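Enquirer: Model the following, please.
(4 chains)
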There are 2 protein chains.
Amino acid sequence: MKKGRVTIKDIARELKIAPSTVSRALNDHPAIKKETKDAVKALAEALDYQPNLLALNLLQKKSNTIGVIVPEITGHFFSAIITGIQDVIVNSEYNIMICLSNESYEEELTIVKRLSKIQIDGVLVAPSSETKNFDHFRRLQKSGIPVVVFDRDCPGLEADKVLVDDYFGAFQAVEYLIGTGCKNIAHLGGPLNLSTTEQRLQGYLDALEKNKVPINSDYIVHVPGFSHKDAVKATKKLLELQERPDAIFAYNDKIAISTMHVAKKMGLQIPDEISVIGFDDEPHSSFITPSLSTVWQPVYSMGMLSARILLSHLKNQNVILDFRKEVFKPELVIRASSKEN
Amino acid sequence: MKKGRVTIKDIARELKIAPSTVSRALNDHPAIKKETKDAVKALAEALDYQPNLLALNLLQKKSNTIGVIVPEITGHFFSAIITGIQDVIVNSEYNIMICLSNESYEEELTIVKRLSKIQIDGVLVAPSSETKNFDHFRRLQKSGIPVVVFDRDCPGLEADKVLVDDYFGAFQAVEYLIGTGCKNIAHLGGPLNLSTTEQRLQGYLDALEKNKVPINSDYIVHVPGFSHKDAVKATKKLLELQERPDAIFAYNDKIAISTMHVAKKMGLQIPDEISVIGFDDEPHSSFITPSLSTVWQPVYSMGMLSARILLSHLKNQNVILDFRKEVFKPELVIRASSKEN
DNA sequence: AAAGTCTATGCAAAGGTTTGCATAGTCACG
DNA sequence: CGTGACTATGCAAACCTTTGCATAGACTTT
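Expert: All right, here's what the predicted structure looks like:
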């Protein structure tokens, strides 16, 4: 019989009224008589009418979709953030499109182009570790698309930002290590160029300095990527030093766990011979042996807040809101991989 | 000056030609003179023309988007599958919309309705653990939307399926435990109603039976949900039994890790007093102590294949392809949480 | 030179919905 | 009865692109 889905025109024809009347009836426009409304609604129901959002999108020049760009989702951190974002967005009229940059600037560029083509309404982004230039985000903003940056800062980009006080977290962790009597504290840093890497390094340095612990540049090694291999290699570099460190503050739990793995294989006692503290508090970090001391971040809340900020921009398209910069405080979680204070 | 983005009409006006000519020039239609094409392309470039996909969507009655429905992404399993899916889809013209059902049938229903409203072109789905009725998927199929089910089977639903031979994996794991001399092998099953739960249970049962090990119903406990608490509670039930099991085959690594945690707290030696085998081979499972024996699944490949199957349907809309059922073989990975053979 | 062929382009419709403006009809008031 | 106000509805444009058909002009063939 009828091919394709039921449209407003079908209802109009059936009821011998104009499509515009049907549209208004469906949207409860006050100028429509109650009887007409009822008739239209009844028929729409009967015919299982589904509004064609594609048409609406074209008309409104918006896709009712927001894009989320993250480097990866196989770790816990971004998965949890996304879950937070999702839980907020689900209760709005927006759809959500998750895109993975695989820590690649190129792919991030491609994604942004794509999102811009489909007329995305807003973007939430944690930039890739390769990204140094933020012009692609600026281009989005210029075409009226609000951009909210989370977790990893984009220095120089004016946008809403939801970050963690990485500096504070690192400072606390390192100061704790000093407090337990560690003298030779090393740092396994993250990929260079990441704001989080820099902040955590700075926290490490300042904690040492404040406590008058001399800084040894041999004790600072940056892990180039996020693979187990990278971490193992970097750890070995540290543990094979003439004067072996007695504590390692790692950029994140993943690295910390690899570090512990290597240390154990070398027969070192954790934490007696070497303390380890990570960052992120991944769920399994409390289950490894010894359980990992780490810095907890309110990941889920960060996701929710980022989404809420974006939504508030979308709701107030006309009003120009000031850019917000929200910084969450992380918390040091002491477990068994570090000595007692 | 000009508000909004550049359209094909703007280019046409500028060049004093018809919009249709511009369209054809941009799409390399053979009937357009080279000079015209060049002129159009040059101007399009200069004006930074971005085709409006929204208009195209309306015209083609499709959104060029495929939906992916998963229960959650905080674990490694679905994250890795999604990464595989993404890596395939990225190289097609399709966009990808990831939706989380949070293991809830209700939310899954809402998601399906939503996807159907936005005229999704195809769906990849791992149903929630609550889902027993698959009519919502059938409705999608009826409106011409191909559905590919992955990981968790939907019995009775005719669709493409990409699964793992859970039965085989479980059978192997349990037979291995028997081979190492374990006599009282318990099973911590997953949420009832999941095809994977059933298959793994059946593999467990058959392995016992084949090896003439009596089945003890006290040794089979199902974990209702995926939280740590649920797993701890279920484990305790097993370990407090009069005749304590000397091996536990768990539904997945997450549960297995919780189990080991409880066992260790009770002072049990793993694997001497109790062996543990999980399922999934999560990346951190090799880092816990003792490292976890488990069943590995080719997650990334599953994601890729699922996506490829869906794409092949979309490319051959007219042709009706037979439903495919692909079953991947898992592999037993023996580490330190089980005895040697 | 007429008829036919080919090339390059234009016209207009289609896709489904919303919305400003126009209009037909009703009613009330002077 | 004429005017004004109000109600309920219809018309048509707009959103942007693609595409079947039409056509104008140039060139070829008989």
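
Enquirer: can I assume A:V213 sits in a helix?
Expert: No - counting by DSSP: H, G, I helix; E, B strand; the rest coil, A:V213 falls outside a helix, being coil.

Enquirer: which residue packs closest to it, ignoring adjacent ones?
Expert: A:I178 (6.2 Å; C-beta to C-beta, 6 or more residues apart in numbering or on different chains). For every residue, glycine as well, the C-beta is placed using N, CA and C.

Enquirer: do the same with A:N52
Expert: A:T7 (6.7 Å).

Enquirer: Check the gap between that neighbour and A:V40 for me.
Expert: For A:T7, the distance to A:V40 (C-beta to C-beta, to the nearest Å) stands at 13 Å.

Enquirer: out of those two, which sits in the more crowded spot?
Expert: A:V40 (24 against 18; other C-beta atoms under 10 Å in any protein chain shown).

Enquirer: Find the residue closest to that one in space, skipping its chain neighbours.
Expert: Distance criterion C-beta to C-beta, 6+ apart; nearest residue to A:V40, sequence neighbours excluded, is A:A25 at 3.8 Å.

Enquirer: Quick check, pLDDT for A:F287.
Expert: A:F287 carries a pLDDT score of 88 in this model.

Enquirer: in what helix or strand does A:P245 lie?
Expert: Assigned by DSSP states H and E, A:P245 falls within no helix or strand.

Enquirer: surely it meets A:I274?
Expert: Yes - A:P245 is within contact range of A:I274, at 6.9 Å (criterion: C-beta atoms under 8 Å).

Enquirer: if I look at those two, which residues touch both of them?
Expert: A:L239 (C-beta atoms under 8 Å, 6 or more residues apart in numbering or on different chains).

Enquirer: Compare these two and say which is more crowded by neighbours.
Expert: Using other C-beta under 10 Å, the more surrounded residue of A:P245 and A:I274 is A:I274, with 25 against 20.

Enquirer: May I see the domains of chain A written out as residue ranges?
Expert: A:8-51, A:62-164+A:299-329, A:166-297 (automatic domain parsing).

Enquirer: Where does chain A get nearest to chain B, residue-wise?
Expert: Residue of chain A nearest chain B, by C-beta to the nearest C-beta: A:T289 (3.6 Å).

Enquirer: List the residues that contact the residue nearest to that residue when sequence neighbours are not counted.
Expert: Closest residue to A:T289 apart from its sequence neighbours, by C-beta to C-beta, 6+ apart: B:T289 at 3.6 Å. B:T289 is in contact with A:264, A:288-289, B:336, counting by C-beta under 8 Å, 6+ apart.

Enquirer: Among these, which ones are in helices?
Expert: A:K264 (DSSP state H).

Enquirer: Show me which of the contacts of B:T289 is closest to DNA strand C.
Expert: Distances from the contacts of B:T289 to DNA strand C were compared by C-beta to the nearest atom of the strand; the smallest belongs to A:I288, at 54.3 Å.

Enquirer: What ranges does chain A have for its strands?
Expert: A:65-70, A:95-100, A:122-125, A:147-150, A:160-164, A:185-189, A:220-222, A:247-250, A:275-277, A:294-296, A:325-328, A:331-333 (DSSP state E).

Enquirer: Nearest to B:R138 among the ones you listed would be which one?
Expert: For B:R138, the closest of the strands of chain A is strand A:95-100, at 22.9 Å, according to C-beta to C-beta.

Enquirer: Would you map the helices across chain A?
Expert: Under DSSP H, chain A gives helices at A:8-15, A:19-26, A:34-47, A:53-60, A:76-89, A:105-117, A:135-142, A:166-179, A:195-210, A:228-239, A:253-265, A:299-315.

Enquirer: Now these in CSV, please, with extra columns for mean pLDDT.
Expert: Converted to CSV, the helices of chain A look like this (pLDDT from 0 to 100):
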stretch, mean pLDDT
helix A:8-15, 93
helix A:19-26, 94
helix A:34-47, 94
helix A:53-60, 94
helix A:76-89, 96
helix A:105-117, 94
helix A:135-142, 94
helix A:166-179, 98
helix A:195-210, 98
helix A:228-239, 96
helix A:253-265, 95
helix A:299-315, 96
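
Enquirer: May I have the residues that are in contact with A:V22?
Expert: Neighbouring residues of A:V22 by C-beta under 8 Å, 6+ apart: A:8, A:11-12, A:15, A:40, A:44.

Enquirer: How much space separates the residue nearest to A:V213 from DNA strand C?
Expert: Going from A:I178 to DNA strand C by C-beta to the nearest atom of the strand, to the nearest Å gives 63 Å.

Enquirer: Close to DNA strand D: what parts of chain A are there?
Expert: Counting by C-beta under 7 Å from any atom of the strand, chain A comes close to DNA strand D at A:16-21, A:24, A:29, A:31-33, A:35-36, A:55, A:58-59, A:61.

Enquirer: Show me just the buried residues among these.
Expert: For the residues of chain A next to DNA strand D, a burial check counting by 16 or more other C-beta atoms under 10 Å in any protein chain shown picks out A:17, A:21, A:24, A:32, A:55, A:58.

Enquirer: List the residues that contact the nearest residue to the fifth one once chain neighbours are set aside.
Expert: Meaning A:A55. Spatial nearest neighbour of A:A55, chain neighbours left out: B:L58 (5.5 Å); criterion: C-beta to C-beta, 6+ apart. Shown in contact with B:L58 (C-beta under 8 Å, 6+ apart): A:52, A:54-55, A:57-58.

Enquirer: What about DNA strand C: which of those touch it?
Expert: Answer for the contacts of B:L58 near DNA strand C (C-beta under 7 Å from any atom of the strand): A:52, A:54-55, A:58.

Enquirer: Among these, which one sits closest to B:A186?
Expert: Among these, and counting by C-beta to C-beta, the member closest to B:A186 is A:L54, at 53.6 Å.

Enquirer: what about that closest one, neighbour count?
Expert: 22.

Enquirer: same thing with the one 3 residues further on?
Expert: The burial count assigned to A:N57 is 25, neighbours taken as other C-beta under 10 Å.
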